[in-house]
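In: turn this into a structure:
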Amino acid sequence: MMRSILDLPCGRVSYLDFHPADAVRTVVLLHGGGTDSAELSWGEVGPRLATCGFRVIAPDHPGCGESPLPSWRVTQQRLVAYVGELVDALGLNSYAIGGLSLGGGLSMGHVLARPERVVAALLLDSYGLMPRLAGGRQILAWAMQRIGLLDSTTRWMATNRTMLSWSLTSLIRDSARRTPELIAAVLVAAHNPGFAAFEQWQSDELLWNRLKTDYTPQLPTFPRPALIVHGDRDAGVPLARARAAAALIPHAELKVVAGAGHWVQRDQPDVVIAAVVDFLRRLPAP
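Out: Take a look at the predicted model:
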C-alpha cells in the first residue's frame, strides 16, 4: 500500500494505492460520510483485492481522512465533480468504480455523468436510492439540522466512547467485528475535519420533505453493469430500496448479505470481497 497526494482543481487530495505488480483491472473505491475515510472503509478490502490482481485506488474525500477541508462548500454535485477530477489526474482509461453509502452515491453520480471509461459500478449499501430518509425521519432530521442539533448530536456520539460503541451496533451487526481497535480508530477520525465536510454535505442534502439527491428515476438508463451489495439489517437504507434499484438497472446483480448492517464490508468482509471479486472477474477483459 502506498499513500500519495494529488493536487486537483478542487484542492489537495490524499489517496491510498494498492498496486499489485500485474494488475488485471483498476478499481476506484469511495468511502462513506461522517468520520469515514479510505483507511477505515478500505484498509482491509484493498490488500485483499490487490492479492486477487486488482489495483485499488481509495481516496480520502475533500475534508476527510488526510485530505484537507476544501475552500468550497461540500455538496453532492461538487463531490461528484471531484471524483471526475481524480480519475482524470490519475490517467485512468478503464476502471470500475464503487463505494459505500455516500461513496456509492458518488459512484452512481459519476457513472451517470461520465460513463465513457467506466466498466462497472459497485454499490455497497448505497446512498441515492430513496427519495427521503427511512422510518419517517425526514422532517425531524431536517428540523434538527436547521437548529444545529443534528450536527452536535452526531459529533457527540462519535467522540464519546460509550455512545460510539452503541451506535456501531446498527452499522456492524457482528459484535466480533466491533473491535477495540476499530472504536479507537473512529474516535481518532472524529477529530479530523471530516465532520465539517459531512455537515456541509448533509445541510445541502436534507430538505424538509425529501433528500436532494435520488438517482432512482435515472436507474433505467444506468449505462454500466452494477453489483449491488446490501446488508439485510441496514437500518438506514432499507433492503427494499436495493431490490428496487437492482430491478431498475438494466444489467444489475444484487448480493444480499445476511445479518449485515450498513457498514457491510466491515461487518461481513469475506462475503463482500468474494462477491466483488467474482463480479469483477466476470467482466469483459479490459
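
In: if I look at G109, how far off is R78?
Out: Using Cβ to Cβ, to the nearest Å, one gets 11 Å for the distance from G109 to R78. (Each C-beta comes from the backbone N, C-alpha and C, glycine too.)

In: what about these two, which has more around it?
Out: G109 (22 against 16; other Cβ atoms under 10 Å).

In: all helices for the stretch 101-250 of the chain, in order.
Out: For the stretch 101-250 of the chain, applying DSSP state H, counting those that start in this stretch gives helices covering 102-113, 138-146, 149-159, 161-171, 180-189, 194-205, 239-248.

In: just say which of these is most tucked in.
Out: Mean neighbour count (mean count of other Cβ atoms under 10 Å) peaks for helix 102-113 among the helices of the stretch 101-250 of the chain, with a mean of 25.

In: and R114, what does it touch?
Out: When the contact criterion is Cβ atoms under 8 Å, 6 or more residues apart in numbering, the partners of R114 are G84.

In: pull the CA atoms of the lowest-mean-pLDDT helix or strand in the chain into PDB?
Out: In the chain, no helix or strand scores lower on mean pLDDT, DSSP states H and E than helix 149-159, which sits at a mean of 85. Below are the C-alpha coordinates for helix 149-159, written out as PDB (Å, rounded to 0.1, in the frame of the first residue of the first chain):
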ATOM      1  CA  LEU A 149     -28.900  19.700  16.900                       C
ATOM      2  CA  LEU A 150     -28.300  17.000  14.300                       C
ATOM      3  CA  ASP A 151     -24.700  18.000  13.800                       C
ATOM      4  CA  SER A 152     -23.900  18.400  17.500                       C
ATOM      5  CA  THR A 153     -25.600  15.100  18.400                       C
ATOM      6  CA  THR A 154     -23.700  13.300  15.600                       C
ATOM      7  CA  ARG A 155     -20.400  14.800  16.800                       C
ATOM      8  CA  TRP A 156     -21.100  13.800  20.400                       C
ATOM      9  CA  MET A 157     -22.000  10.200  19.500                       C
ATOM     10  CA  ALA A 158     -18.800   9.900  17.500                       C
ATOM     11  CA  THR A 159     -16.500  11.300  20.200                       C
END
